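Undergrad: this one's sequence-less:
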């Protein structure tokens, strides 16, 4: 405390107010990581066969999680959903064969199973890569439609009220009309 | 006043007949040369209700405004010594192919007494003149003057014998011309003679009595004793020697007749015999002859432009004839010295000082004229207002302007004299403001504002109609229809437009001024639109003014006017913004115009509700268009950001689609497994 006060007195920069928050955030992340590590260890200790199949099968999702820079983690979601769909038959097969370490090794030694799990994740990755192009087409079409509608309405206004409805560039309101003095 | 006279064709072998007021037949083919005057022709007439009476009609020249107020005054009077109008009005006159003003009189049985004074004529004996001729004339004037009118056409050549025996004389017509217009200088007082023939004004009874005095003298002598003098010489003689000396000269008159003639020819109106004094004389009471007082004379003459002037009035007259030189003289010391030492009239000196004090800058030509005009008034307060060659008595401005608009003088000079406040200065130069002068003074102040206003409906034209109730509308469109009051305006326009299919309906300056002056309900803003440079606004103004006229004065149907104005209305319709509304109104105009109701036409093209709806709609459309424009600009501006948004959207779609597919695959697997 005394050091901080001295820094202020010497004209040094005051420590950032957010510094505490950053520390708290990194602290909570570290807590989450410890908690996750603890969960993983707990999961491995209690259901080792399932852990082995799952850990091996979800490697594409883990990779996606690592490379996904978006906050909403759309890549992770896309790949993860398909990856999980590919993993689901393996898990069912493991449980149906007694949930033993042998059954897990049997599943993991068959290349076809890896193809199913990783193939599903690959399909997910392909979907993620293809969809922006599709979306671009949709967005462009939508923009064209809206602009065409706006232009059509503007033309109708000109047709109904004449060119003067366009107004002068510096004029928003119409020019005053001659007042009617009828009667 | 009777309205209109219709040509009824042949009537019992009398040729063409024009009827006035429904029962006075005027025989177009029976002129009466003996009864014609320099300004009016005479035709035989008859009253259908009293066919035995012998009448005649005076057909006035359209250029001359009749004296309506005198006609009204004389109507119904029973005067032995004056021709009294029985009826008057505007008629369609086939000989001139236009409408003219006509006055019906009893036809004098003995005809015109004296046709000309240029040659000697039979004199009337003194006794007959005093006892037979004068009494009815004097008694008529005595009855006539209290009504507030003046005759202003008393002269030897305007006397008629009422009887075949040539014993009873009567004054002739005084209503067919502006006051004093037909009077030679001989019969006019000095003040009136100094005015131009058109600017003599109604004057006062004393002016008539002066003319009567001259007439008596001529009847007595049987010739004009001043015939050897030109008008200018006669006027100078009157100014310098006095009227009696100038006219009577060396003629020898009896003592009996000298008395009234000297009394009536006195130049000072206050000393001139009144009608009461004249009546007393006619009734036999002899008064002591007055010695007329001469105007104040200077001890030495003032030399100006080759002449020497001894009186202020003579000098004022000379100044008015040469204003440029006069202006220099007026500012010089010689004039002031002459005024103070030779003329020795403190009142004149003071007034001249006042006249010169207010006009300092002599740079502008009009200022020189104004200075001289004021100086003339100061030197001769009883005289007329003189400015740039124009000369009129204070109540003669109206008829002078009427003459100027007919080419007899300059309208600009008259207008400038009013704007320069010369009439107001004239009033200030009078020893006392007479009650009859108060309204005239006020009207001159009002007229200045009319002259300053440049809009149609104002200017000199408005002054013309304000000062002359008898002047008909001089608008080229309806001038031949001799429209004297607002009732006749629209019917005349209808008739004129019917004859001229290509004529545009425009309210010109004369028509606007006539409506403004005669139509008392006319509001000032009516004329704002007429002054606009925008044809649409002008057309709307024209329609609005004529609509008011039709609403208040009729006729109910004015189809030609309506259709002619309708030609100009597309420009008005253009002021609406809504194209559908424009098309609707344009489609409706011919149908509504054909009905001839101007109010309907006005309501169609200038309805308040429609204007408001149009304005509100246009305002909303303008805002909406602005919004659309901004939205389109926004869309265009958004284009560079579209790939990023597409990528975002694509990721969202991919996320949703994969979740959907995954669930589908799991479900299918579970179904197969079970």
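TA: Received it, and whenever you're ready, just let me know what you need. All values derive from a computational prediction rather than experimental measurement. Numbering: from 1, shown residues only, chains lettered A, B, ... in the order given.

Undergrad: pLDDT weak spots in chain A?
TA: Where chain A drops to pLDDT under 70, the residues are A:1-26, A:168-183.

Undergrad: oh sorry, the question was meant for chain B
TA: Along chain B, segments meeting pLDDT under 70 span B:1-14, B:288-290, B:292, B:359-365.

Undergrad: which residues in it form strands?
TA: B:5-10, B:16-20, B:24-31, B:40-47, B:50-60, B:85-93, B:98-106, B:111-112, B:159-161, B:169-171, B:302-304, B:307-309, B:385-387, B:390-392 (DSSP state E).

Undergrad: contact residues of the stretch 401-550 of chain B facing chain A?
TA: Proximity of the stretch 401-550 of chain B to chain A (CB under 8 Å from any CB of the partner chain) is limited to residues B:525, B:536, B:537, B:540, B:544. Backbone N, C-alpha and C define where each C-beta goes, glycine included.

Undergrad: any idea how far residue B:284 is from the second one?
TA: Going back to what we said before, that points to residue B:536. 77 Å (CB to CB, to the nearest Å).

Undergrad: more neighbours: those two, which one.
TA: Using other CB atoms under 10 Å in any protein chain shown as the criterion, residue B:536 and residue B:284 rank with residue B:536 on top: 19 against 8.

Undergrad: tell me who's in contact with the residue nearest to that one when sequence neighbours are not counted.
TA: Leaving out its chain neighbours, the residue that sits closest to residue B:536 by CB to CB, 6 or more residues apart in numbering or on different chains is residue B:571, at 3.8 Å. With contact taken as CB atoms under 8 Å, 6 or more residues apart in numbering or on different chains, residue B:571 is in contact with B:535, B:536, B:539.

Undergrad: quick one: residues contacting the second one.
TA: It stands for residue B:536. By CB under 8 Å, 6+ apart, the contact list for residue B:536 reads A:178, B:571, B:572, B:574, B:575.

Undergrad: of all of the stretch 451-600 of chain B, which residue lies closest to chain A?
TA: Closest residue of the stretch 451-600 of chain B to chain A, CB to the nearest CB: residue B:577 (5.1 Å).

Undergrad: neighbours around that residue, how many?
TA: 22.

Undergrad: for it, which non-adjacent residue is spatially closest?
TA: Take residue B:577 and drop its neighbours on the chain: the residue closest to it by CB to CB, 6+ apart is residue B:618, 4.1 Å away.

Undergrad: go ahead and confirm residue B:216 touches residue B:260.
TA: Yes. Here residue B:216 reaches residue B:260: they are 6.7 Å apart, a contact under CB atoms under 8 Å.

Undergrad: all helices of the stretch 201-350 of chain B, in order?
TA: Under the criterion DSSP state H, counting those that start in this stretch, helices of the stretch 201-350 of chain B are mapped to B:205-221, B:231-241, B:243-248, B:255-264, B:275-282, B:312-321, B:323-330, B:333-337, B:346-357.

Undergrad: nearest to residue B:495, out of the ones you listed?
TA: Evaluated with CB to CB, the helices of the stretch 201-350 of chain B place helix B:205-221 nearest to residue B:495, the distance being 39.8 Å.

Undergrad: give me the most central residue, chain B.
TA: Nearest to the mean C-alpha position of chain B, by CA atoms, centre = their mean, lies residue B:464 at 3.0 Å.

Undergrad: gap between the residue of the stretch 551-674 of chain B found nearest chain A and residue A:140?
TA: For the stretch 551-674 of chain B, the residue closest to chain A is residue B:650, as judged by CB to the nearest CB, at 3.0 Å. Look at residue B:650 and residue A:140: by CB to CB, they are 13 Å apart.

Undergrad: between the two, which is the more surrounded one?
TA: Shown here are residue B:650 and residue A:140; by other CB under 10 Å, residue B:650 has more neighbours (24 against 13).

Undergrad: not counting sequence-adjacent ones, nearest residue to the more buried one?
TA: Nearest-residue entry for residue B:650: residue A:132, 3.0 Å, with adjacent residues in sequence omitted and distances by CB to CB, 6+ apart.

Undergrad: what residues does that neighbour make contact with?
TA: Residue A:132 makes contacts with B:646, B:647, B:649, B:650, B:651, B:654, as judged by CB under 8 Å, 6+ apart.

Undergrad: repeat for residue B:69
TA: Per CB under 8 Å, 6+ apart, neighbours of residue B:69: B:149, B:469, B:470.

Undergrad: just checking, residue B:564 touches residue B:497?
TA: Yes. The pair residue B:564 / residue B:497 is scored as a contact, 5.3 Å apart, by CB under 8 Å.

Undergrad: overlap of the contact sets of the two?
TA: B:503, B:505.

Undergrad: make a markdown table from the strands of chain B and add distance to residue B:418 to it.
TA: Listed next are these as a markdown table, based on distance: least, CB to CB, whole Å:
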| stretch | distance to residue B:418 |
| --- | --- |
| strand B:5-10 | 37 |
| strand B:16-20 | 37 |
| strand B:24-31 | 39 |
| strand B:40-47 | 30 |
| strand B:50-60 | 27 |
| strand B:85-93 | 30 |
| strand B:98-106 | 27 |
| strand B:111-112 | 39 |
| strand B:159-161 | 37 |
| strand B:169-171 | 33 |
| strand B:302-304 | 28 |
| strand B:307-309 | 28 |
| strand B:385-387 | 9 |
| strand B:390-392 | 11 |
